[in-house]
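Novice: pasting a predicted model and its sequence here:
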Amino acid sequence: MIFSLIGQLKAFVFGSPNTPEVYRTLKIADVPVTTAECRSCADPCDEDHDDFPSGLDIDMDSDMLGSVYPYHRQVLISTGKRDWEIEVTEAKGTLAAFLETANSSLSTPKKPNSTNDPLPSGLLFSHTEAKFLSILNGSHRPFSYDESEETVIVLPDFMVVSGVSRTLAGAEVLWKAALDPALDRAGVITRTDNLLNTWVLPYSCLILLCSHKRRDKRCSVTAPILEKTFHQYLEREGWEVHTNLYDLTSEPSLESQASSTTEKEQLVETQLKSLHAEHRALILMSSHFGGHQFAGNCVIYTPRGAGVWYGRVTPHNVESIVKHTIIDGQVIPTILRGGVDLPCRGKKTLYDW
């Protein structure tokens, strides 16, 4: 069955996408999906939405389906910035660069794929079947007053790690404690470093917007406009909206509440399951995560660990994304690039366990 579905999805990647067919195929694959339009207003707009300036040269012709490189984990490193060096993992002295080095030396060499075509697996993939570590910089600020320490968000785990030293040794400690593919989302419970503290990311959803100007101007133009529009529509729905991760150090860390791996796993799951009802969203800017030609680029993570990648997002799409994906937990096929852990067998939404 799964090979048949991938074949159908591959046909959509290389052919002309047919939205009803994509919807049916995603439905068969147990992805919570909606038939709702991606645009909530008329075209041309009759609701006074902000719009992108002309001349951005967005790719409206190529097919986006499958344009996500499968990853096991994605990390977002605190910088307090909205733009970075062109290649963040090559910027000397940064945690991103140290983590790239640590991952290369500590991870198990990846077996070559049997095919050179990553697109079908880039449409729907499970993080447990991928090995790649995606390293990003984020706009959130670190918790620590020590300028040599960073706060890292680990996805799709929906976890926060603080006290990460901006050194190669610090990157190795982080990798062994939370990023090793052999670990589940709770990470390591017994450590000798006594430096890192972890928490569940305390939001109902995380919205990532690529704003990496030095990598591609289009993302830096679209991201702040989308941020403003997401903020408006989420507040209109009664949600609390943050644009920086608030300091969690005044709250008990997971390490202080659990004495065994089993206890920590149970605590993590209990907290994650309660988050959707909080109606609180975090919007962060991110360095380049691929597909800048499809700006605006947006990734939405839910506490269950699903990550929905949307492309060609405009302010006219935001209301529909808020209502159908962020609130109702369903995927909109017409702007979908791909996603991690989207299938939810027997479930109705991306928030269901």
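Specialist: Good, I have the coordinates.

Novice: would you agree Phe125 is in contact with Gly338?
Specialist: Yes: using Cβ atoms under 8 Å, Phe125 is in contact with Gly338, at 7.4 Å. C-beta: built from backbone N, CA, C; applies to glycine.

Novice: intersection of neighbour lists for those two?
Specialist: Common contact partners of Phe125 and Gly338 (Cβ atoms under 8 Å, 6 or more residues apart in numbering): Val68.

Novice: tell me where the stretch 51-200 of the chain has strands.
Specialist: Using DSSP state E, counting those that start in this stretch, the strands of the stretch 51-200 of the chain run over residues 73-78, 124-125, 133-138, 149-155, 159-165, 197-200.

Novice: nearest to Val308, of these?
Specialist: Across the strands of the stretch 51-200 of the chain, Val308 has its closest neighbour in strand 124-125 (11.0 Å, Cβ to Cβ).

Novice: which helices and strands sit right next to that closest one?
Specialist: Applying 3 or more Cβ pairs under 8 Å, 6 or more residues apart in numbering; DSSP states H and E, one finds that strand 124-125 contacts strand 336-340.

Novice: run the angle between the strand it packs on and strand 149-155 for me.
Specialist: Comparing the axes of strand 336-340 and strand 149-155 via axes from the mean of the first three to the mean of the last three Cα atoms, to 10 degrees yields an angle of 100 degrees.

Novice: quick one, strand 336-340 and strand 73-78 angle?
Specialist: Taking the same axes, to 10 degrees, one finds that strand 336-340 is oriented at 100 degrees with respect to strand 73-78.

Novice: so who does the nearest residue to Glu172 once chain neighbours are set aside touch?
Specialist: Leaving aside its sequence neighbours, Glu172 sits nearest to Ala102 (Cβ to Cβ, 6 or more residues apart in numbering; 4.6 Å). Shown in contact with Ala102 (Cβ under 8 Å, 6+ apart): 168, 171-172, 174-175.

Novice: for this protein, longest helix please?
Specialist: Identified as the longest helix of the chain according to DSSP state H is helix 217-236.

Novice: report the strands that pair with the next helix or strand after it, each with its relative direction.
Specialist: As assigned by DSSP states H and E, the chain's next helix or strand after helix 217-236 is strand 240-242. The strands beside strand 240-242 in its sheet (DSSP bridges) come out as strand 280-286 (parallel).

Novice: what separates the partner strand from the chain centre, distance-wise?
Specialist: Offset of strand 280-286 from its chain centre (Cα atoms, centre = their mean, to the nearest Å): 10 Å.

Novice: for the record, mean pLDDT for it?
Specialist: Averaging pLDDT along strand 280-286 gives 98.

Novice: what's in contact with whichever helix or strand comes after that strand?
Specialist: Scanning forward in sequence from strand 280-286 by DSSP H and E, the next helix or strand is strand 298-301. Outside strand 298-301, the residues that touch it by Cβ under 8 Å, 6+ apart are 155-156, 158, 205-209, 226, 286, 289, 307-311, 313, 321, 325-326.

Novice: go on, stretch 222-233?
Specialist: In contact with stretch 222-233 (Cβ under 8 Å, 6+ apart) are residues 49-52, 56, 82, 207, 209-211, 241, 243, 281, 283, 285, 295-298, 313-315, 318-319, 321-322.

Novice: mind giving me the ChimeraX select for the residues you listed, buried ones only?
Specialist: Listed next is the ChimeraX selection for buried residues among the contacts of stretch 222-233, using 16 or more other Cβ atoms under 10 Å:
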select :49,52,82,207,209,210,211,241,281,283,285,295,296,297,298,313,314,315,318,319,321,322
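
Novice: for Leu201, which non-adjacent residue is spatially closest?
Specialist: Excluding the flanking residues, the one nearest Leu201 by Cβ to Cβ, 6+ apart is Phe158, at 4.7 Å.
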